[in-house]
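Asker: how would this look folded up:
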Amino acid sequence: MIRIITTLPVAKYLLELVRVLYEKGYSGFEKGYSGFEDSANRYVEELVANIYANLPSKMKKPAPPYFDRYGRDLMYAAFRRNKTTQWYVFFQVFREKGNIAYLIRYIDNNHRIARLL
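Answerer: Numbering: from 1, shown residues only. Alright, predicted model coming up:
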């Protein structure tokens, strides 16, 4: 069985992301998105759905030492959201008796952390 789990700080970040996207009025996420709160919600929901559906099959890389502040032995995977934004998901993988758990410890986008990778 494969499980994907987020830490509380990641869950809070994603909730805050909805508010920030809405308040800053980002209307050009992708075709069909507008500056309405439901559009910001949909953007984040689709991002999370993509992560949950595809994280186990994504190419994973070891996270640079800078990200050790979020956990030890982190891996990361990239999720392209549109032409200009790529999200990076940092996680630990735990295996026990045939079960695999992905613990998401941090998430951010290329606009903020690309220089650190």
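Asker: okay, CA-based contacts and neighbour counts for the rest of this
Answerer: OK.
Asker: mind checking the end-to-end distance for stretch 75-91?
Answerer: One end of stretch 75-91 sits 5 Å from the other (Cα to Cα, to the nearest Å).
Asker: residues in contact with it?
Answerer: Outside of stretch 75-91, the residues within contact range by Cα atoms under 8 Å, 6 or more residues apart in numbering are 29-30, 47, 50-51, 55, 58-63, 74, 92, 102-111.
Asker: Pull out the buried residues from those.
Answerer: 29, 47, 51, 55, 60, 63, 74, 92, 102-110 (16 or more other Cα atoms under 10 Å).
Asker: what's the neighbour count on the nearest residue to residue 37 once chain neighbours are set aside?
Answerer: Spatial nearest neighbour of residue 37, excluding adjacent residues (Cα to Cα, 6 or more residues apart in numbering): residue 22 at 5.4 Å. If you count neighbours by other Cα atoms under 10 Å, residue 22 ends up with 19.
Asker: separation between the residue of the chain positioned farthest from its centre and residue 5?
Answerer: What lies farthest from the middle of the chain is residue 97; by Cα atoms, centre = their mean that is 27.0 Å. Using Cα to Cα, one gets 18 Å for the distance from residue 97 to residue 5.
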